[in-house]
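Q: this one's structure only:
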């Protein structure tokens, strides 16, 4: 930790303590892993219903993927190249009884390496809500109007943090568009504007900025520069624990034909499909609302309660 | 596969195909890992709301834990001894840029062992919805009336299967009681009867049986016998793909002071707390309903639709 990080760490821990004291977050003993109270979940649910109302015109296909997906699908993305430090590989015990006795002996001897004897399974934790979608469209030709899909899942990022808004596991609610370059870009632009308005209606002080993804290593620094230059991904940020380091609560990303290529998805005219998405960070939005309006939603401003249809 | 398993595997694959063709389940390319459609989720939601109404009297504390929890908590349970083959350990890449280049080189050479270079993180996948609860009560003394907690989470079981009702990741909705031996036993008994009635009201042909958990190895065979003998855990089973091998869709379990001991939870009079739980297997209940009443809920019997408040 740099000395300059000290005040922000204090701000993280102070807000974390407030949330835990109010019973909204339940600590697990692991940084960035919390249980949520019923009240916290109600804020998430009401926000989600708001997003559903705002997206109703698109008649999106609803798909709900679980928090794990195929390792072979993971390998079709470039995640292991660009963000390997965030990945979650699922390993299990696949041995016989003798090997099991050896494993237990290691554990009894407090040998921290016991988990090295586990075997990688066929699954990984999902790093972004739209990843499990693409293989289901693999080899397909999209209808003329393209497709719009409504997704939500828990995503994993291995980045233990004191910042209550930087969880290792959290929910993304997404609308993904698959179609022509124009359809994909229009979707991103439409949602960037819509989401900005939604957050303002909820009384959040938001700003739209070009995204700043945490790509890994030297190659990552190049990708970061390209991402900024191409202006493909935007984030809606708001101060949660810090004015200087505001938190991205929602993002709108145009992937060009990146996934269309990797997963062989074509448009009606035979070109690789373009894709784009909006992703709402549900826990972060709830945390921003609690920070802005206080920890008791029954006392939130009338306008905010009305927008959330809070009863 | 034994020859005698052939017909049941065919039954599994046939129902799986029906569900996939109807769009209710979305295959991921990995056995036992599926996306769910909006309609499938609606059945889950309506059943859950039914369970909430039936549990309303208990004024349970609502807690929602994510699908991962602390490795240190996992190690406080006996899961690695009793069901190691079902566990999910989460590993990630914790190296530097040079090690990352070596990892990528392995992947490019199609070296299947690339994931052996990953490092175990501080988290594991949750094997049962109530596991993340106990450490949060660790060191506490319960109030006189005990506590009742309403839980739901995704749980992981590493058991790839053709049976659509045996998923590697699925949701459990639980009511857990922490209290005196009498409070815990009364909770289990109350819910066993209540849940049996709920399933019958939904038109499911259910039976209550002593549980038959898949404990591992030789030690496991002893535990299996003890579990049956003590009659602590009961399952509500219903035929989904097979009359001979009905599926457990709900279970009611009294843990005696097992978790009270392991996590140092005490009753008001200073004794180790007893715990018990009911767990509804949400995906399995939905699959049983689809199997019994057909794949289109708009055509389910009036009584079932009324019970589920289907609109």
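A: Thanks, I have the structure now. Computed from a predicted model, the values in this text were never measured in an experiment. Numbering: from 1, shown residues only, chains lettered A, B, ... in the order given.

Q: so what's residue A:26 bridging to?
A: residue A:35 (DSSP bridges).

Q: Per the annotation, how does chain A divide into domains?
A: A:3-88+A:127-307, A:89-125 (automatic domain parsing).

Q: So for residue B:57, which of those domains sits nearest?
A: domain A:3-88+A:127-307 (16.2 Å; C-beta to C-beta). Backbone N, C-alpha and C define where each C-beta goes, glycine included.

Q: that older thread, among the domains of chain A, which comes closest to residue B:100?
A: domain A:3-88+A:127-307 (5.9 Å).

Q: residue of the stretch 51-200 of chain A with the smallest distance to chain B?
A: residue A:62 (3.0 Å; C-beta to the nearest C-beta).

Q: Who are the contact partners of the residue lying closest to residue A:163 once chain neighbours are set aside?
A: Spatial nearest neighbour of residue A:163, chain neighbours left out: residue A:12 (4.4 Å); criterion: C-beta to C-beta, 6 or more residues apart in numbering or on different chains. For residue A:12, the contacting residues are A:161, A:162, A:163, A:164, A:241, by C-beta atoms under 8 Å, 6 or more residues apart in numbering or on different chains.

Q: can you redo those as CSV with pLDDT, neighbour count and secondary structure?
A: Converted to CSV, these look like this (pLDDT from 0 to 100; neighbours: other C-beta atoms under 10 Å in any protein chain shown; DSSP: H, G, I helix; E, B strand; the rest coil):
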residue, pLDDT, neighbour count, secondary structure
A:161, 97, 14, coil
A:162, 96, 18, coil
A:163, 97, 22, coil
A:164, 98, 27, coil
A:241, 95, 23, coil
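
Q: ok, so of those, who is nearest residue B:186?
A: Looking across the contacts of residue A:12 and measuring by C-beta to C-beta, the closest to residue B:186 is residue A:164, at 37.8 Å.

Q: how near is the residue lying closest to that closest one once chain neighbours are set aside to chain B?
A: Leaving aside its chain neighbours, residue A:164 sits nearest to residue A:16 (4.5 Å; criterion: C-beta to C-beta, 6+ apart). Per C-beta to the nearest C-beta, to the nearest Å, residue A:16 is found 15 Å from chain B.

Q: element containing residue A:16?
A: helix A:6-21 (DSSP states H and E).

Q: So which bits of that helix are buried?
A: A:8, A:11, A:12, A:15, A:16, A:19 (16 or more other C-beta atoms under 10 Å in any protein chain shown).

Q: Point me to the residue of the stretch 201-311 of chain A nearest chain B.
A: Closest point on the stretch 201-311 of chain A to chain B, by C-beta to the nearest C-beta, is residue A:217, at 4.3 Å.

Q: Which residue ranges of the stretch 51-200 of chain A form strands?
A: A:61-64, A:68-70, A:89-92, A:119-125, A:147-156, A:169-179 (DSSP state E, counting those that start in this stretch).

Q: What of the stretch 201-311 of chain A?
A: Under DSSP E, counting those that start in this stretch, the stretch 201-311 of chain A gives strands at A:207-210, A:233-238, A:247-256, A:274-281.

Q: In TSV: these, plus mean neighbour count, mean pLDDT and distance to chain B.
A: TSV is the format used below for those (neighbours: other C-beta atoms under 10 Å in any protein chain shown; pLDDT from 0 to 100; distance: least, C-beta to the nearest C-beta, whole Å):
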stretch	mean neighbour count	mean pLDDT	distance to chain B
strand A:207-210	13	96	25
strand A:233-238	23	97	23
strand A:247-256	23	96	18
strand A:274-281	26	98	14
